[in-house]
Structure formats: structure tokens, C-alpha cells
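Peer 1: model the following, please.
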Amino acid sequence: AMAVSPEELNSKREASIAEREEKRKASIDKIKADKAAKAQIRASAEEAAAAAKEKEDAQRAELAAKQKLREDNIARREAERKARNEAIKADKAKKRSSKYSEKEILLLKQVYDQYDTDKSGTVSVAELQTALRGTALAESTESMLGELDKNGDGNVDFGELLKLLYPFATPNDLTIMLGYVAPPPAPAPKPKAELTDAQLSEIRQIFALYDTDQSGGITVKELKEALKNTFLTEQAVEEVFAKADLDENSVLDLGEFKELMVSTGLWSAEDQ
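Peer 2: This next block holds a predicted model:
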């Protein structure tokens with residue numbers, strides 16, 4: 001074997017050291033580049049998350065402001081409705097003023113109803129004579145009740161009885177007296193809210209905010225989280241959810257959520 005000179009050995013050693021150094025620098029540069037890329041991705045993600053949170057907060061604030069406006073409108077309309085009802089009651093009370101005692105008419109109707117057992121609106125004349133005995137009306141009715149059986153069927157309705165007992169009452173007086181004992185009118189059915197495109201869009205936005213996992217449905221857990229800062233307890237939220245979950249699949253779809261929102265009264269024709 002040929003002898004290797006010290007110069008050649010030194011040259012090879014320096015070349016090997018330079019190669020290792022180059023590899024070390026390349027490795028360090030790669031690590032730095034990877035860290036920089038990851039830092040950039042993280043910064044971008046944080047920026048996007050911050051922007052998304054800012055947008056979500058703005059949407060929540062806007063929706064909260066709209067909800068507050070609706071609640072104020074509902075409270076205003078309720079106050080106006082109560083004021084109208086009070087005015088109507090006062091007007092009715094004024095129109096109902098009569099020289100005939102309301103207490104006396106109510107007593108007469110109470111006695112009459114005790115014998116109108118089938119709720120047909122008529123009572124036997126003979127039974128009515130028996131019922132009125134011992135009352136303040138007995139003396140004035142004994143001789144007159146027989147005149148009521150005009151058609152011979154032995155029955156009389158309450159309006160006919162009033163006409164007989166109060167022969168000088170005007171038609172308006174009789175109307176007032178019948179009003180004393182009339183059942184309260186049934187409340188008018190609430191009109192079904194027809195939502196505008198803007199209102200439907202708002203409901204879809206709220207749905208998207210509540211649907212935190214973007215699954216296309218809202219679970220009871222998501223509804224609890226969305227309503228955690230309200231006065232509703234978890235049990236109350238569960239009850240609301242159960243009523244809204246029409247198909248009982250433990251998830252509220254957009255249609256069920258829309259009906260739930262409409263049922264709260266936050267949307268009505270007056271808001272449009």
C-alpha cells in the first residue's frame with residue numbers, strides 16, 4: 001500500500017469536517033424554516049380565530065340589540081293592549097249602568113241555573129216557582145209565572161223571565177241585565193306569524209350560532225350552552241327542548257328551531 005502523506009490526511013480530515021458542518025447547518029436551517037412556518041400558520045390561525053370571534057361577537061351583539069328592541073316592542077304593545085282593555089271595560093261599565101240591581105239579577109240567574117240541569121237554557125215554570133219561594137222575589141213572581149207558559153210546554157228561558165219580572169224594563173235595560181250573566185267572550189285566536197325573508201335570515205343566523213359543531217342540528221347541550229346566561233335553568237331549557245323536538249330524535253333541525261323561535265312571540269306581523 002502506498003503511504004499517505006500527512007498533507008493528504010489533513011486535507012481529507014478538513015473535507016470531512018466541512019461536509020459535516022454543511023450538513024449540520026442545513027439541518028439547523030431546516031429546523032428554523034419549519035419553526036418559522038409553524039409560527040406563521042399559528043399566527044394566521046390565531047388571527048383567523050380572533051376575526052371569527054370578533055365577527056361572532058358583533059353578530060351576537062346585533063342579535064341581542066334586535067331581540068331587546070322586539071322585547072321593548074312587545075312590552076309597549078302589551079301596555080297599549082291593557083290600556084285599551086281598561087278603556088273598554090270602563091266604557092262597558094258606563095253603558096251597563098242600570099236602575100236594576102246587578103246583585104238581584106245574579107241571584108235570580110243562580111237560582112235559575114240550579115234548575116237548568118241539562119243546560120238547555122229553559123226551566124220548568126213549576127220548578128221555578130218552587131225555587132223562588134223564600135227569596136225576595138217570591139212575592140212578586142207567584143202570580144206572574146203562570147203567564148209565561150204561553151205555548152203550554154211548561155218551560156221558560158231566562159230572558160222571558162226577566163221580561164215578566166221587570167215589565168217596565170226597556171230593551172236596553174234587558175240587554176244590560178242579560179249582560180250581567182253572560183259568559184265572558186272567548187279570546188280571539190292569535191294570528192299565525194308570517195315571517196319575512198329578513199326574519200327567516202335572522203333565525204338561520206341564530207341557528208348557526210347555536211349549532212356550534214356545525215352538524216346541521218342543535219342538541220340540548222348546545223341549547224343549554226347558548227342560553228346559559230339567561231334566567232332559564234337547565235331543567236327549563238330541557239323542557240323547552242323536549243317540546244320543540246317534534247320528531248323526538250334529540251336534535252332540533254332548522255324547521256323545529258324556527259317554530260320554537262316563533263312560539264316565543266319575538267316575531268309578529270307588527271314587526272314587519
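Peer 1: is A186 in a helix, a strand, or coil?
Peer 2: coil (DSSP: H, G, I helix; E, B strand; the rest coil).
Peer 1: one more: the one 3 residues further on?
Peer 2: P189 falls in the coil class when you classify it by three-state DSSP.
Peer 1: what about it, how many neighbours?
Peer 2: 6 (other C-beta atoms under 10 Å). Where C-beta positions appear, they are placed from N, C-alpha and C, glycine not excepted.
Peer 1: ditto for Y112
Peer 2: 22.
Peer 1: let's verify it: helix, strand, or coil?
Peer 2: Going by three-state DSSP: Y112 is helix.
Peer 1: after the least confident helix or strand in the chain by mean pLDDT, next one along is what?
Peer 2: Least confident helix or strand of the chain, by mean pLDDT, DSSP states H and E, is helix 138-141 with a mean of 55. The helix or strand immediately downstream of helix 138-141 is strand 155-157, counting by DSSP states H and E.
Peer 1: direction included, what does that next one pair against?
Peer 2: Under the criterion DSSP bridges, strand 155-157 sits next to strand 122-124 (antiparallel) in its sheet.
Peer 1: residues in contact with the strand it pairs with?
Peer 2: Contact partners of strand 122-124, identified using C-beta atoms under 8 Å, 6 or more residues apart in numbering, comprise Y112, Y115, D116, G154, N155, V156, D157.
Peer 1: which elements pack onto the longest helix along the chain?
Peer 2: Longest helix of the chain, by residue count under DSSP state H: helix 6-95. Helix 6-95 makes packing contacts with helix 197-210 when contacts are defined by 3 or more C-beta pairs under 8 Å, 6 or more residues apart in numbering; DSSP states H and E.
Peer 1: chain center to the helix or strand following the helix it packs on, what's the gap?
Peer 2: Where DSSP H and E defines the elements, the next helix or strand beyond helix 197-210 is helix 220-226. Centre-to-centre, helix 220-226 and its host chain are 17 Å apart (C-alpha atoms, centre = their mean, to the nearest Å).
Peer 1: now helix 220-226: mean pLDDT?
Peer 2: The pLDDT scores in helix 220-226 average 91.
Peer 1: what does the following helix or strand past it contact?
Peer 2: Later in the chain than helix 220-226, the nearest helix or strand by DSSP H and E is helix 234-244. Helix 234-244 is contacted by residues V220, L223, K224, L227, L232, L252, E256, F257, E259, L260, S263 when judged by C-beta under 8 Å, 6+ apart.
Peer 1: give me the number of residues near S215?
Peer 2: By the criterion of other C-beta under 10 Å, S215 has 10 neighbours.
Peer 1: what score does it have for pLDDT?
Peer 2: Listed pLDDT for S215 reads 92.
Peer 1: and M144, by the same measure?
Peer 2: Reported pLDDT at M144 in the predicted model: 61.
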